[in-house]
Structure formats: structure tokens, C-alpha cells
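A.B. asks: Predicted coordinates and the sequence they were generated for:
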Amino acid sequence: MTRRTRKILFFGFLLIFLLSAPLMILYYQGYRFDFEKKSLTQTGGLFLKVIPKQTEIYIDGKLVKKTDFFFGSTLIENLLPKKYKIEIKKEGYFSWEKILEIRAKEVTEAKNIVLFPKDIKFEILLKNVENLWFSPNEKEIVLKEIENGNWVLKLYDLKRNIKSRLIGGKDIYTKGADLMGLEFSEASEDSKEIYLDVGMKEQNKNFVLNLEKIPPLLTEKEIATLSENIVTSQTFNGDNYYLDNFGHLFKSPSAAEGEKLTEKPFPVKAETEYKLSIFPEYIFLEEEKTLYQFNHDSKSFEKLFEKINGLKISPDNKKLLFFSDPEIWVLFLKEKSNPPSKKAGEKILLIRLFSEKIESAFWLNSDYLIFNAGDKIKIAEIDERDKLNIVDLAEVDELPFISTHRPLSEEEARVFKNPEIFFNQIDRKLYVLSDGNLFQSSPLLP
């Protein structure tokens, strides 16, 4: 090779290096050529975390990756800034899909995705159940059954699968008594007392049923009036909260008059039903079907929503769901920084139905809800970016049933007519009461 040839090769490679080096630097800095826009653009990324693990990730219809085996997460880099259709699939599970926007120099996140199994099984747990109440620790159920034409309360231990008799209407009054209401003494895990509202002799009486005694001890409840002007009260963590008819909220560790929490009185109306709901750091007041939230700064109640039928706080105590006949809303009690980010006090309309009534709703976890509307039971995410992913868990004619004892008859297979549902955070199972049968699902979450 001549000297001239070596010079040509040297300067040729040098020129290639000088031309390619900036391109390589730009490439490693995340720049790509966008042929649609005909320009050089810095890319973004997509981070996903999914339950279960090892799910397939599709972008615009193409399989690009699987989530990892250990954490169920994946990072997809070097995506041009635009909107992509993201699909997550796994055999035997309902798929998840959403259009997400990728921005330059940013990583778009969807970290709380759950795929639900298609083969959710239900079995008949108990029969002849007229009503039920879960204990605050969700480990036991108080059942109302009918025996010889009279109601009887029984306690069912979910872990040990044992049912024991508590008390019956004839035990309270030999000529018969009507059970008007039942509630546990307070929403604490060690609650061992049940309050009964019983109608007898054209009058109502209140009783306390002590579950720690064997047999359970029934005593007539003395109505402790925290104030002769009391409107409504609620016990939480050993403290009594009550609203008087002057519109002031009080907190007291005993039945005595306590600390006044309000400065501006709430306008209490005569002959109107009120209810306090106390959660860690939050106090809510229901006036008929209007919901108010106590503002600790202004020390007053502020209107939040109208026409509600129920409210539930999320497991992480950061969100509140409340629902009316056609709608489900989520209120963010605390700031949410991870996408989609939310400010404290922001609320979103999650569900609006036009032909069915929402009967009840529960948190599955802090990112998913389960609710029933008519004969349908549905699971919905709360990530409202693009469309909501909603799973039809069960309908009357389309249920994958299983029984541990025998196959269900055709009549029993139509069990979810007008269902009452309860999701248990302990065993992650759905309980459905319909036509006197109490059904238990296989776990909905790992």
C-alpha cells in the first residue's frame, strides 16, 4: 500500500468519524429522526408495572416486550413523541388497553395496572341468608336467617368455616320482634359488640349484644346523650364525635361535653336525617343525600356533593369514592404525584350510567373499584386517561360457576338477580347475596 493510499484511507476514516460522531452522540442522547415530521426529535419512554407478571406489551398492535418475572415491570425507551395505543395481554386474563401520549425527554408511567382473570369461579357458601353484615375486621359475618318463620342471627367465621347461633327474635320477645337495624359498635378491628334496633309492641328498643360472652350476652342499651341537643354522633378510635342542633361539631373522649371543633355553625334543619362519617384526618357529614366535608382550616363544613347513596375511603386513605344512582365520583384527599397526577381536593367523574342504577361500590385496591348496576357486576380502574378499562365480572346468564359439592342446577345458575355485593380486603374475594344464597368468588387479586 502506497503512502498516498494510506493518506486517502486515513482522511476518509477521519471524515466518517467526524460526520458520524455527532450523530452517535445524538443517538445516545435519545434523538431519533421523525420521518412523519421530517425532523430530528428527542425521544421519550414508557414505564409499565402490571399484575400478574410476564404479560405481553403491544404498541400500536406490535408485540414489543414482556414485563419482567420479578417485579412485573418494564421500561420501553426511544419512543418518538406522539400518542400510542398500548395493549397489555396475558392468556386467561382480560386485556388492558389505553392510548397514552409519549413526550420528549419524559417517561410516561402506568404503574398500577391489574389484569383480571376470565375464569373467576363462584361457589355457594351459605344458603337461607336473608341479610348479612361484615365485621369491621372482615373476618366474620353476622347472618340473618329465617327459621320456622322467625329471624335468627348467626356468626360465621370465614377462616374456620364455622357458623354459630347468636340470638333470635323470639329470644328478645316471645311474641316476636322485628329487626330494624344492626351495626357493630365502632369501625375497629377489635369490635366485639353489636347494636340492635328492634321493633316490639309498637315501639323500638335498642340492645347491645356482647360477642365476647358465651353465650353472647344481650342487654338493653342505654342511650347516652352527649347533649340534650344532639343531632348525630359517631365513635372513632375511642373518641365521640357529635353534631348538636346549633350546628357545632364536638369531639370528646367520653360522654361528657368535649372540644368544639367548629367556629362557623352548620345550618341544621329540623326533621332532617344527618350522619357523620369519620376517617383518619377526615370528617364528612351527610344531610339526607348531600355530602359535606369538614375543613380543618376554616373549621366549618363545606358542601361537596349532592344526591349521594354511599361513600367509601380507599385502602391507602388518600381517596374517597362516593356514588349516586347513575354516577361514581372519586375525590383525591391528598395530592397524587405519580401519573395521572392530582391535586388534593380534586374530584373526577369516573362512571356515568344512563339505563341502570348503581346499587353499591367498593374499593378493590387503591386504584380499582368494583360495583354493581342492576344484575351486572363490574370492575373499573380510576386512571381516566383515555378510556376507562372496565371488566364485566359477572352477569346473570354468563357466570363461570363451580360448586365444591355438586354442579349448580339451572335455577341456581341464575343467582345474580338483584345482587348485593361486598368485597373483602382480607381474603380478596367477592361475596354476593342473591335470592337467599351467599356466594363466594375465587380471589380477584393476588
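C.D. replies: That came through, no problem.
A.B. asks: List the residues that contact K159.
C.D. replies: By C-beta atoms under 8 Å, 6 or more residues apart in numbering, the contact list for K159 reads K139. For glycine as for every other residue, the C-beta is placed from the backbone atoms N, C-alpha and C.
A.B. asks: V152: what secondary structure?
C.D. replies: Classification of V152 by DSSP: H, G, I helix; E, B strand; the rest coil places it in strand.
A.B. asks: From N338, how far out is it?
C.D. replies: Computed with C-beta to C-beta, to the nearest Å, the distance linking V152 and N338 is 49 Å.
A.B. asks: Show me which of these two is the more surrounded one.
C.D. replies: The neighbour comparison of V152 against N338 (other C-beta atoms under 10 Å) goes to V152, with 20 against 10.
A.B. asks: Tell me the bridge partners for that one.
C.D. replies: Applying DSSP bridges to V152 gives these bridge partners: E145, G168.
A.B. asks: Next: the one 10 residues further on.
C.D. replies: Taking DSSP bridges, one finds D157 as the beta-bridge partners of I162.
A.B. asks: From what I see, it and Y156 are in contact.
C.D. replies: Yes - because the distance of 7.4 Å satisfies C-beta atoms under 8 Å, I162 is recorded as touching Y156.
A.B. asks: Tell me which of the two has more neighbours.
C.D. replies: Relative neighbour count places Y156 above the other of I162 and Y156, with 21 against 10, counting by other C-beta under 10 Å.
A.B. asks: Could you chop the protein up by domain?
C.D. replies: Structural domains assigned to the chain are 43-114, 277-441, following automatic domain parsing.
A.B. asks: Relative to the whole chain's centre, how far out is the shortest one?
C.D. replies: This points to domain 43-114. On the basis of C-alpha atoms, centre = their mean, to the nearest Å, domain 43-114 is displaced by 24 Å from the centre of the chain it belongs to.
A.B. asks: So for W133, which of the domains of the chain sits nearest?
C.D. replies: Ranking those by proximity to W133 (C-beta to C-beta) places domain 277-441 first, at 9.3 Å.
A.B. asks: Now do the same for the closest one: mean pLDDT, whole number.
C.D. replies: Model confidence over domain 277-441 averages 88 on the pLDDT scale.
A.B. asks: May I have the distance across it, first residue to last?
C.D. replies: Distances were taken as C-alpha to C-alpha, to the nearest Å; on that basis the terminal residues of domain 277-441 are 29 Å apart.
A.B. asks: now swap in stretch 111-119 and tell me
C.D. replies: Here the two ends of stretch 111-119 are set 24 Å apart, with distance taken as C-alpha to C-alpha.
A.B. asks: Give me the residue at the spatial middle of the chain.
C.D. replies: Among the residues of the chain, W363 comes closest to the average C-alpha position under C-alpha atoms, centre = their mean, at 1.0 Å.
A.B. asks: what's it sitting at in phi/psi?
C.D. replies: phi -80, psi 130 (degrees, to the nearest 10).
A.B. asks: how about a markdown table for the domains of the chain, with distance to P215 added?
C.D. replies: What follows is the domains of the chain, written out as a markdown table (distance: least, C-beta to C-beta, whole Å):
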| stretch | distance to P215 |
| --- | --- |
| domain 43-114 | 43 |
| domain 277-441 | 24 |
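A.B. asks: For I172, find the nearest of the ones you listed.
C.D. replies: The closest of those to I172 is domain 277-441. By C-beta to C-beta, the value is 23.1 Å.
A.B. asks: That closest one: how far from the chain's middle?
C.D. replies: Taking the mean C-alpha point of domain 277-441 and that of its whole chain, the gap between them comes to 6 Å (C-alpha atoms, centre = their mean).
A.B. asks: ok, E273 touching L285?
C.D. replies: No - using C-beta under 8 Å as the test, E273 is too far from L285 to be in contact (11.3 Å).
A.B. asks: Same drill for the two, tell me which one is more crowded.
C.D. replies: With neighbours defined as other C-beta under 10 Å, E273 and L285 compare such that L285 has more, 24 against 11.
A.B. asks: next SSE after the helix or strand containing that one?
C.D. replies: With elements delineated by DSSP states H and E, L285 resides in strand 282-287, which encompasses its position. Following the chain from strand 282-287 toward its C-terminal end, the next helix or strand by DSSP H and E is strand 290-295.
A.B. asks: And that following strand, what's buried?
C.D. replies: Within strand 290-295, the residues that count as buried by 16 or more other C-beta atoms under 10 Å are 291-294.
A.B. asks: Please produce JSON lines containing the residues you listed, extended by distance to K347.
C.D. replies: What follows is the buried residues of strand 290-295, written out as JSON lines (distance: C-beta to C-beta, whole Å):
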{"residue": "L291", "distance to K347": "11"}
{"residue": "Y292", "distance to K347": "14"}
{"residue": "Q293", "distance to K347": "11"}
{"residue": "F294", "distance to K347": "16"}
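A.B. asks: List the buried residues of stretch 240-256.
C.D. replies: Within stretch 240-256, the residues that qualify as buried are 240-244, 247-250, 252, counting by 16+ other C-beta under 10 Å.
A.B. asks: just checking, which of these belong to strands?
C.D. replies: Of these, the ones assigned to strands by DSSP state E are 240-244, 249-250, 252.
A.B. asks: now, which of those sits nearest G199?
C.D. replies: Y242 (25.1 Å).
A.B. asks: Beta-bridge partners for the closest one, please?
C.D. replies: Beta bridges link Y242 to S233, F250 when assigned by DSSP bridges.
A.B. asks: OK, contacts around it?
C.D. replies: 226-227, 230-234, 249-250, 252, 276.
A.B. asks: any idea how far it lies from G181?
C.D. replies: In this structure, Y242 lies at 19 Å from G181, with C-beta to C-beta as the measure.
A.B. asks: picking up where we left off before, export the buried residues of stretch 240-256 as a markdown table, with columns for distance to K357.
C.D. replies: Output for the buried residues of stretch 240-256, formatted as a markdown table (distance: C-beta to C-beta, whole Å):
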| residue | distance to K357 |
| --- | --- |
| N240 | 35 |
| Y241 | 31 |
| Y242 | 33 |
| L243 | 30 |
| D244 | 35 |
| G247 | 33 |
| H248 | 36 |
| L249 | 32 |
| F250 | 36 |
| S252 | 39 |
